[in-house]
Structure formats: structure tokens, C-alpha cells
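**Q** Any chance you can model this:
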Amino acid sequence: IGGSLEWYSFAIYGFLSTIMGANFFAFSDPFQQAIAALGAFAVGLLSRPVGALIFGYISSAYSQQLSFSISVYMMAIATFLIGLLPTYADLGGMSTALLIVLRIFQGLSLGGGFTGTMVFLFENAPKEKRNTYTIISSFGLIIAFILCAITSTLMSIIFSEKELIEYAW
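**A** Numbers count the residues shown, from 1 in each chain. Here you go, the predicted structure:
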């Protein structure tokens with residue numbers, strides 16, 4: 001469940017990238033806005049391996065529970081702050097920079113949480129069931145993407161494109 005929530009928080013941005021691009025990037029062309037928004041998405045993905053290293057160290061030096069707790073809180077706080085960010089129209093380039101920083105924190109968190117979950121399941125599974133237990137963490141990813149698809153579809157049905165860009169994002 002925790003993995004699903006982390007992946008959902010991370011991936012919903014990708015599903016709404018055109019809306020995020022319209023709100024946080026200065027380009028007037030929607031295509032350029034979408035490319036810039038996907039670039040910010042990529043920055044989050046590229047920070048995942050660093051998160052795995054950081055949280056792997058925390059798990060080894062302190063505890064897996066502490067590592068999981070920090071990664072979940074980091075994801076929750078970063079996601080919450082993205083929801084509060086003023087748009088480019090309100091804050092200019094600072095909003096774009098803050099969005100990218102928060103995406104990096106989400107990526108670090110996801111790298112630690114997802115990798116840590118797989119390691120935890122592998123280490124604590126009976127030897128003959130390690131593969132089965134470890135693959136469970138991937139189901140969180142699939143469930144999250146299904147929920148993202150449902151959420152973004154419902155949002156596009158309920159709100160007009162203008163409403164999505166203005167306030168419903």
C-alpha cells in the first residue's frame with residue numbers, strides 16, 4: 001500500500017504533464033510546455049538511484065523502518081508542497097525551480113522507498129518464496145498507475161481544460 005501511494009504521488013504528475021506544463025513553464029506553445037513538464041518528470045526519475053543510495057545507507061546504518069518512514073514522509077511533504085505551489089503566472093521562474101526541486105525530492109523518496117521495499121521483502125521472505133515476495137512490490141507500481149489513469153480520466157470528465165489549468169490540477 002505504501003509503495004502504491006508513493007508511486008501514485010510520483011506518477012500523477014506524468015499523467016497531468018500537459019496541465020503542469022501550462023502552469024509552470026513560460027513557453028506559449030503547448031508542445032514546448034509539455035516537453036518541459038516531461039523534462040521535470042525525468043529529473044525526478046533520474047534522482048531515484050541517488051535516493052536508493054541514500055536510503056540504502058540509512059537502512060544499513062540505522063534501520064529499515066527509519067528509512068521507510070523518512071521516504072514516505074518526504075514523498076508526502078513534497079507532493080503536498082507541489083499542490084500549494086504558485087504557478088508561473090504568479091511567481092515566475094521561481095515556481096518552475098521549486099517544482100523541479102520538489103520533483104527531485106519525490107524521486108529521491110521513491111528511489112529509497114521502492115528499492116527498500118524490494119530489499120525488505122527479499123530479506124524477510126522464506127528462501128523458497130523470495131522471488132514471489134519480492135515481486136509483490138511491483139504490484140504497487142501497477143496499482144498506482146491504474147489509479148493515476150482513473151484519476152486523470154475522471155478529472156478530465158469532471159473539469160474542462162480551462163478549469164484543470166486554472167485550479168483543478
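**Q** quick one, helices of this protein?
**A** Applying DSSP state H to the chain gives helices spanning 2-15, 17-24, 30-46, 48-61, 64-84, 88-91, 93-124, 130-158, 161-163.
**Q** which stretch among those helices comes nearest residue 169?
**A** Of all the helices of the chain, it is helix 17-24 that lies closest to residue 169, at 4.7 Å by CB to CB. C-beta: built from backbone N, CA, C; applies to glycine.
**Q** could you list every residue that touches residue 111?
**A** For residue 111, the contact set (CB atoms under 8 Å, 6 or more residues apart in numbering) comprises 47, 48, 49, 50, 51, 52, 53, 54, 55.
**Q** hang on, isn't residue 112 packed against residue 50?
**A** No: here residue 112 lies out of contact with residue 50, judged by CB atoms under 8 Å, at a distance of 9.2 Å.
**Q** And the two? Which one has more around it.
**A** residue 112 (29 against 14; other CB atoms under 10 Å).
**Q** per-residue pLDDT, that one?
**A** On pLDDT, residue 112 comes in at 87.
**Q** Leaving out chain neighbours, which residue sits closest to it?
**A** residue 55 (2.6 Å; CB to CB, 6 or more residues apart in numbering).
**Q** pretty sure that neighbour is touching residue 107, no?
**A** No: between residue 55 and residue 107 there is no contact under CB under 8 Å: 11.7 Å.
**Q** count of neighbours near the residue nearest to residue 112?
**A** Residue 55 sits with 27 neighbouring residues when counted by other CB under 10 Å.
**Q** contacting residues around it?
**A** Residue 55 neighbours (CB under 8 Å, 6+ apart): 67, 70, 71, 108, 111, 112, 113, 115, 116.
**Q** Could you identify the most distant pair in those?
**A** Spanning the widest gap among the contacts of residue 55 are 70 and 115, at 13.4 Å by CB to CB.
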